[in-house]
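Just need the structure, nothing else, for what follows:
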Amino acid sequence: MNQATPHDVARVGAFTQLLSSTPRGARLARLLAVTELRSWDVSQDLTERAGLVVAELAANAVLHGRVPGRCFRLTVALDPSAGCLRVEVSDARGDLHPLPRPTDAGSDPLSTTGRGLALVAALADRWDCVPYPPSGKTVRAELLDTGP
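All right, here's what the predicted structure looks like:
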């Protein structure tokens, strides 16, 4: 069941959504996150960066974290007083932890995969991966709002 859960947006904006572990679910994650951030009047810069981070993390959850019959969870939380947005994507594969690939000279410059976490690292101020009980993981990224 896909149901959004709004929280007290006056203090802290928060949005959580379960999505199918399919390419359609990953695309929908980005669309929903951007729509929610726009409704909170988040700066365009932060909204665009968050949209790209959500797209990468959701794609990774579908490609690498998928367990048949299990959804992934998207959570976006805004703390306006700290100027911080947290993006979390939880999947059911706790045995596979994301690691950014080294950017060595021997890698194929025309490859269409393997750059997602490097993009997340470039766009986010911090990111990490933590266990998501009972058997999954959550990849979370924090983005600071530097715009007006």
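
lowest-confidence helix or strand of the chain?
helix 116-123 (a mean of 90; mean pLDDT, DSSP states H and E).

Give me the helices and strands touching it, please.
helix 44-64, strand 126-132, strand 136-144 (3 or more Cβ pairs under 8 Å, 6 or more residues apart in numbering; DSSP states H and E). For glycine as for every other residue, the C-beta is placed from the backbone atoms N, C-alpha and C.

Using JSON lines, lay out the ones you listed together with mean neighbour count.
Shown next, in JSON lines, are those (neighbours: other Cβ atoms under 10 Å):
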{"stretch": "helix 44-64", "mean neighbour count": "21"}
{"stretch": "strand 126-132", "mean neighbour count": "14"}
{"stretch": "strand 136-144", "mean neighbour count": "21"}
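
If you count neighbours, what's buried in the helix or strand where A29 lies?
Following DSSP states H and E, one finds A29 within helix 23-39. Judged by neighbour count using 16 or more other Cβ atoms under 10 Å, the buried positions of helix 23-39 are G25, A26, L28, A29, R30, L32, A33, V34, E36, L37.

just stretch 61-76 next, same as before
For stretch 61-76, the neighbour count (16+ other Cβ under 10 Å) marks A61, V62, G65, R66, C71, F72, R73, L74, T75, V76 as buried.

so which of the residues you listed comes closest to T47?
Among the buried residues of stretch 61-76, V76 lies closest to T47 (Cβ to Cβ), at 10.5 Å.

I'd say the closest one and A50 touch.
Yes: with contact defined as Cβ atoms under 8 Å, V76 reaches A50; the gap is 7.1 Å.

if I look at those two, which residues touch both of them?
Shared contacts of V76 and A50 (Cβ atoms under 8 Å, 6 or more residues apart in numbering): A33, L37, L85, V87.

Tell me the confidence at the residue sitting nearest the centre point of the chain?
The chain has V54 as the residue nearest its centroid, 3.4 Å off, counting by Cα atoms, centre = their mean. Confidence at V54, expressed as pLDDT, is 98.

Tell me the spacing between it and D95.
According to Cβ to Cβ, to the nearest Å, V54 stands 23 Å off from D95.

So what does L78 have for phi and psi?
The phi and psi torsions at L78 (degrees, to the nearest 10) take the values phi -120, psi 130.

which residues touch it?
Contacts of L78 (Cβ under 8 Å, 6+ apart): V12, G13, A14, L37, W40, V42, C84, L85, R86.
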